[in-house]
Structure formats: C-alpha cells, structure tokens
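**Student:** based on what follows, work out the 3D shape:
(2 chains)
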Amino acid sequence: MNIGVFLLLIIAVLWFEIGYFIWQFRKGVRSKRMILFSFAMVCALLTFSYWFIFDLMYEDKALPFAANELGEWALFLLLGATLITDVAKKRISLLWEMAFVLLFVAANTALWIYWNGEWIQDVLTGLSISYLLYGLVRQMKYSGKFSRKQWSFIAAGAAAAVGFQACSVLADGTFGRSAELFGYIYLVLGSVLLFVLTGCMLRKKSETERSICLAYISFAWCTFSLYMTDGNWYFIELGGSYIAIFLMFLAMWKEARAQ
Amino acid sequence: MTIYAENILLCIAMPLAVCLLFTRGESRRFVAGFLLGMGMSLLSAYLSGFISIVTGTEEKDTAVFLSPVVEEILKLCPLLLFYFLLGARNRSLTNIAIAVGAGFATFENSCYLLTIGAENLAFILIRGLAVGVMHVESILALAVWLLIARKLRVLSFSTMLGGTALAVTFHAIYNLLVSKPGVTSVIGYLVPPVSAVLMYLLYRLVYVPFTRERGGLLSDNDPD
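**Tutor:** Residues are numbered from 1 along each chain as shown, chains lettered A, B, ... in the order given. Next up is the predicted model:
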C-alpha cells in the first residue's frame, strides 16, 4: 500500500484546519486551548510533510532517527499542553489514575523495545505520550463528566490491549498468532467504537468537554494501536489516527462555536 | 579544502566583541546575540562531527538528518539564556532571536564560501536567501512560541521541547529537500522565502491585532 496517498490526504486536512484556526483568530476568538491546538496541528503538518518528502525522495531507505520522530514527540507534548492549559493551577488528585497511566505506558514501552530494540526512541516516545495522557486524565477528572464505571471501562480496555499485545509478542506458535490476530481486530474495533462515541458526542449541542476528552482518547488509542500493529493493520490504524486528528479538530470547532 | 573555522570565527567576532564595550541596551543585546549565534554555529559543527563519528553515520546523512536537531537545540541555548537569566521579553526576545539566527547563518555562510568559493553569484544568492533566511525564521518562530506559551501560562520543559521540535522539523524539511539535486532542491530553496512571507502575513494579520488590544492575550502590557 502506498503511504504517500495517506500522507497527502492528512496534509491537505491539516492545511484546512490551520486555515480555519487563523480565520477564527482573525475573528477575535481568544481561546488558549485553540491557540495551543493550532500549534500542535502545525507540528503535525510539518511531521507528516517530512515523512511524505522522505518517502518520495528516499523510497528505498529506512527512515532513520530524524526530525519526524522529534516532531511526533512534540505533537504529543503540545496536545498534552492543550488539555492542561485550563486546569494547570487546579488541585486535582490523580494518584490512582496516574499510577495506571504510568504502568500502561511502561508496559507498552517495554513491548516496543522488545519488538524493535530502539530503546532510546521508545523510552522518549513513552515519556512524551505519558505527558499527553497526564493532560487527558487531568482534564477528564476535572470535567467530572466521566462516571466511575466509564473510568473502569477505559482502564480495562487499555489493559486488554496490552495483554493481547504481550501474548502475541511473547508467545509462540498458534497461540501467539491467534493472540496477534485477535489483538489487531480488538484494536481496530476499539478505534471504531471510540469514533462512534465521539461522533455521537459531537452531535450533541452541549457536552463540549466530553467531546474533547473522547476525541483525545480516540487519538491516544489510535496512536498506541499504530505502534502495536504492522502490515495492513498498520495502515488501518494510520487512517484511524487521521480520523482521530480530525475528530479533535471538530471538538475544537465545537468549542469555538460555543464561545 | 581545509578551513580553519576557529580562526574565521575569531576574525569576525573580534570587532563585534569590541562593539559590546561601546554599546548599551538593545544594541548591545543584539550584538551579543549575533556573537553567540556564531559561536553556536561552530559548536554545532563540532557536535555534528562528533555524533557522526560516534554513531558511524555517513557525513551526508549527518548533514541531512542529524544536523537540524543539533543546530536548533544549540540555537535555543542563547535564547534561553537571555530569557531566563537576563529577563528578555516580548520585542527584546524576538530581536535577540533574530540576532542569534543571523549570527549563525553568517558564520555558516562564511565557512561555506571559503570551502566552495564565491564565483557563482546565482548560487551565492540562493545560499543567502535560503539558508540565511531559514536560520532566522526557525529561531524567530521559536522565540514567538516561547512568548505565546508564557502568556498562556503553559511554559514548561515540555512545551519548550514542543516548540524546539517545530523549529527542528522545519529545518529538517529544508535540509531533506535540498539533499538531492533537481526539482526537490528548487522547492527546498523556495521554502524559506515563501514561509518568511507567510510568517510575516501571520504576524500582521494575527499577532499584531492581538498585541494592539490592551490587556489582550499577546499584549506587551505583561501581567507578570
């Protein structure tokens, strides 16, 4: 499958998003969150552009450690900052939530390292994603829009994803292959479920906070799924992450309209 | 051809260092920023060479893939020095960023010209308008980002890293495009001037209206 077409598509979408934000700023919108989000989108645009150009120019060469990886980390950090900006000074207890987040990211990072051996890149990716998840958890907790049951559901879903991945990486033979296939299907179904939930929330007139949180959860899910898959499944999750980026944009759009 | 980069730096830096004694305020900061920019250019050449040897990366790959990371991080250092230790804010910080970028580009161009010669005027113009503009643009964008992050009260290690990565990726795209001759390198040479025009338009259309608002988000009347 040609990745260039995928990348061109997301680059076009990102140009549209950035143009929309500039138009909003010209109109006088002063949302801190939107300003930070627009920077994150510029970061995504540059990262995907870099990837596209590299793919075009050095088709036969594997992408080395380069700026696009740094760009990905920056995207996670800036998206995290987007969520933290409004609740930065609020006192919120996140002990258990952060304990789970750190455990989840550590388990994922260990699996990535086991898989590809690029431990410096993987550790740094894990750290930057932790910041995004920290912002997400903080925002979710502060908004108070998620019940205990929903928190448990999200945690169980994330733990199951790591479980499938661990089985597929560590186990051999039929069990390993089955776990891998089930894991991939589970990740894709999870992405679809999150897209549907986010879409439903975006259609409601209120619920801006919940829409933003769900869109970010979709993005985080797709990002982890992307790093856990390969082959055609990778392309499916790549498409999913583009949809998640667009959903985050729609959530911001909704917030701008609400102001 | 062997060039003695340290000697070139000394030759250019000495009159500027003397200027520091006879200038005050913003002019002195500008000259200091220019000098630091040149110093960082030399340091980045050392560091890139070191990384190339340690990792066994080819010279061309180092220039295309690793140099942008090293150069932008080193260009950020003087900016952070002025920001955190000397309290440079708003217009003062952007002026210093421009000085650092210009100093960096000037020294790099000087060394480049000594290596390949200055006979071809077209090439000299491309070099000046592309690399020269790119170095100034990337660090200026970073300075503006620092100011915005501070006003939004989200200035932290992570947001600084995020901003630096933006500058690195922009720089890396340029290096990547010009790494092979042909259409891509022509596009690459056009990237810095075109993005400079875009940045200027953004500055006029978005940033200036914000700063004009009294107490606005990016106002010079800083609440801190």
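**Student:** any idea of the mean pLDDT for stretch A:145-161?
**Tutor:** The average pLDDT within stretch A:145-161 is 89.
**Student:** near A:Ala110, how many other residues are there?
**Tutor:** Neighbour count of A:Ala110, defined by other Cβ atoms under 10 Å in any protein chain shown: 17. Backbone N, C-alpha and C define where each C-beta goes, glycine included.
**Student:** quick check, the host helix or strand of it touching chain B?
**Tutor:** In this structure, A:Ala110 sits in helix A:95-116 according to DSSP states H and E. No: Helix A:95-116 does not reach chain B (Cβ under 8 Å from any Cβ of the partner chain); its nearest approach is 14.8 Å.
**Student:** in CSV, list the C-alpha atoms belonging to that helix.
**Tutor:** Extracted C-alpha coordinates of helix A:95-116, given in CSV (Å, rounded to 0.1, in the frame of the first residue of the first chain):
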residue,chain,number,x,y,z
LEU,A,95,-2.8,9.3,42.2
TRP,A,96,-4.5,6.1,41.0
GLU,A,97,-5.2,7.4,37.5
MET,A,98,-1.5,8.4,37.0
ALA,A,99,-0.3,5.1,38.6
PHE,A,100,-2.3,3.2,35.9
VAL,A,101,-1.2,5.6,33.1
LEU,A,102,2.5,5.1,34.0
LEU,A,103,2.1,1.3,34.3
PHE,A,104,0.3,1.2,30.9
VAL,A,105,2.9,3.3,29.2
ALA,A,106,5.8,1.4,30.8
ALA,A,107,4.3,-1.9,29.6
ASN,A,108,3.8,-0.6,26.1
THR,A,109,7.3,0.9,26.1
ALA,A,110,8.8,-2.5,27.2
LEU,A,111,6.9,-4.2,24.4
TRP,A,112,8.1,-1.7,21.8
ILE,A,113,11.7,-2.2,23.0
TYR,A,114,11.3,-6.0,22.8
TRP,A,115,9.9,-5.7,19.3
ASN,A,116,12.3,-3.2,17.7
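**Student:** list the buried residues for that helix?
**Tutor:** By neighbour count on 16 or more other Cβ atoms under 10 Å in any protein chain shown, the buried set for helix A:95-116 is A:Glu97, A:Phe100, A:Val101, A:Phe104, A:Val105, A:Ala107, A:Asn108, A:Thr109, A:Ala110, A:Leu111, A:Trp112, A:Ile113.
**Student:** centre of the chain versus that helix, how much separation?
**Tutor:** The chain centre lies 15 Å from the centre of helix A:95-116; the measure is Cα atoms, centre = their mean, to the nearest Å.
**Student:** got it, and stretch B:56-66?
**Tutor:** Using Cα atoms, centre = their mean, the offset of stretch B:56-66 from its chain centre is 20 Å.
**Student:** kindly check the end-to-end length of stretch B:82-94 for me.
**Tutor:** 11 Å (Cα to Cα, to the nearest Å).
**Student:** ok, and for it, which residues are buried?
**Tutor:** Quick answer for stretch B:82-94 (16+ other Cβ under 10 Å): B:Phe82, B:Tyr83, B:Ala88, B:Arg89, B:Asn90, B:Ser92, B:Leu93, B:Thr94.
**Student:** equivalent analysis for stretch A:38-47, please.
**Tutor:** Neighbour count says stretch A:38-47 has A:Ser38, A:Phe39, A:Ala40, A:Met41, A:Val42, A:Cys43, A:Ala44, A:Leu45, A:Leu46, A:Thr47 buried, by 16+ other Cβ under 10 Å.
**Student:** could you list every helix and strand in contact with the helix holding A:Ala110?
**Tutor:** Contacts defined by 3 or more Cβ pairs under 8 Å, 6 or more residues apart in numbering or on different chains; DSSP states H and E place helix A:95-116 against helix A:119-143, helix A:148-170, helix A:208-228.
**Student:** sorry, back to before: just the buried residues of stretch A:38-47 that are near chain B?
**Tutor:** Among those, chain B is touched by A:Phe39, A:Ala40, A:Val42, A:Cys43, A:Leu46, A:Thr47 when using Cβ under 8 Å from any Cβ.
**Student:** farthest pair within the residues you listed?
**Tutor:** A:Phe39 and A:Thr47 (12.6 Å; Cβ to Cβ).
**Student:** report the spatially nearest residue to A:Trp115, omitting neighbours in sequence.
**Tutor:** Nearest residue to A:Trp115 in three dimensions, chain neighbours excluded: A:Val169, at 6.2 Å (Cβ to Cβ, 6 or more residues apart in numbering or on different chains).
**Student:** OK, contacts around that neighbour?
**Tutor:** Applying Cβ atoms under 8 Å, 6 or more residues apart in numbering or on different chains to A:Val169 gives the contacts A:Leu111, A:Tyr114, A:Trp115, A:Gly176.
**Student:** hmm, B:Leu74 and B:Ser44 touching each other?
**Tutor:** Yes: using Cβ atoms under 8 Å, B:Ser44 is in contact with B:Leu74, at 4.8 Å.
**Student:** and the longest helix anywhere in chain B, anywhere near chain A?
**Tutor:** In chain B, taking DSSP state H as the definition, the longest helix is helix B:25-55. No: if you take Cβ under 8 Å from any Cβ as the test, helix B:25-55 misses chain A, and the best it gets is 9.1 Å.
**Student:** just stretch B:159-177 next, same as before
**Tutor:** Yes: judged by Cβ under 8 Å from any Cβ, stretch B:159-177 comes into contact with chain A at B:159, B:161-166, B:168-173, B:176-177.
**Student:** who wins for most neighbours among those residues?
**Tutor:** B:Thr169 (32 neighbours).
**Student:** how about low-confidence regions in chain A?
**Tutor:** A:1, A:63-66, A:88-89 (pLDDT under 70).
**Student:** circling back to that earlier point, now, the ones next to chain B among the buried residues of stretch A:38-47 that are in helices?
**Tutor:** Filtering these for helices - DSSP H - leaves A:Phe39, A:Ala40, A:Val42, A:Cys43, A:Leu46, A:Thr47.
**Student:** how many residues are close by B:Pro193?
**Tutor:** Count around B:Pro193 with other Cβ under 10 Å applied: 14.
**Student:** and it, what helix or strand is that in?
**Tutor:** helix B:183-202.
**Student:** quick one: the helix holding A:Ala110 to helix A:148-170, angle?
**Tutor:** 20 degrees (axes from the mean of the first three to the mean of the last three Cα atoms, to 10 degrees).
**Student:** who's in contact with stretch A:34-45?
**Tutor:** A:10-11, A:14-15, A:17-18, A:21-22, A:24-25, A:71, A:74-75, A:78-79, A:81-82, A:85, A:245, A:248-249, A:252, A:255-256, B:145, B:148, B:152, B:154, B:162-163, B:165-166, B:169, B:217.
**Student:** again, only using 7 Å
**Tutor:** Residues outside stretch A:34-45 that contact it (Cβ atoms under 7 Å, 6 or more residues apart in numbering or on different chains) are A:11, A:14-15, A:17-18, A:21, A:24, A:71, A:74-75, A:78-79, A:81-82, A:85, A:245, A:252, A:256, B:145, B:148, B:152, B:154, B:162, B:165-166.
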